[in-house]
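J.: sharing a model prediction with you, sequence too.
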Amino acid sequence: MTPTVMLLTALSIVLDVTGQLAFKLGLNRLPEHHGGFRLRLFWRQIAAAPLLWFGVGAYSFQFVTWLLVLSLAPLSLVFPAISLSYVGVVLGARLVLGETVNRRRWLGALVISAGVMLVCATGA
């Protein structure tokens with residue numbers, strides 16, 4: 001992978017992870033629904049949640065970044081690399097959200113990382 005492709009892929013991963021964390025943080029800040037779930041109220045609350053809009057913005061920018069990556073490199077090389085966003089989400093869930101991450105999830109993240117290294121080392 002060229003340095004440009006690596007940089008754009010890393011940016012795409014960061015934007016994906018940022019979007020996921022913003023979605024979760026935004027939803028966590030919505031008030032609880034008492035007396036049952038009401039879809040109309042839920043959508044109104046979502047429309048007024050700044051963190052959710054930040055997540056949409058991150059995803060929009062990630063989409064454009066990903067298109068740039070695809071225009072510069074083979075899909076079979078960069079798509080496995082983008083799976084590092086799974087690792088980033090697990091790490092972000094632990095560090096930002098304070099979630100408990102068990103050994104099995106950490107092992108899964110390690111296996112994903114090893115697979116990406118294998119694909120990227122033999123790719124190009």
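T.: Sure thing, it's come through.

J.: per-residue confidence at residue 95?
T.: Residue 95 is assigned a pLDDT of 96 by the prediction.

J.: where does pLDDT dip in this structure?
T.: Per-residue confidence of the chain (counting by pLDDT under 70) places the weak regions at 33-36, 122-124.

J.: next, the buried residues of the longest helix seen in it.
T.: Selection of the longest helix in the chain by residue count, based on DSSP state H, yields helix 3-28. When burial is assessed from 16 or more other C-beta atoms under 10 Å, helix 3-28 yields the following buried residues: 5, 8-9, 11-26. Yep, even glycine has a C-beta here, placed from its N, CA and C like the rest.

J.: may I see the buried residues of stretch 63-80?
T.: Going by 16+ other C-beta under 10 Å, stretch 63-80 has these buried residues: 65, 66, 69, 73, 77, 78, 80.

J.: excluding chain neighbours, what is closest to the first one?
T.: The shortest distance from residue 65 to any residue other than its chain neighbours is 4.5 Å, reached at residue 12 (C-beta to C-beta, 6 or more residues apart in numbering).
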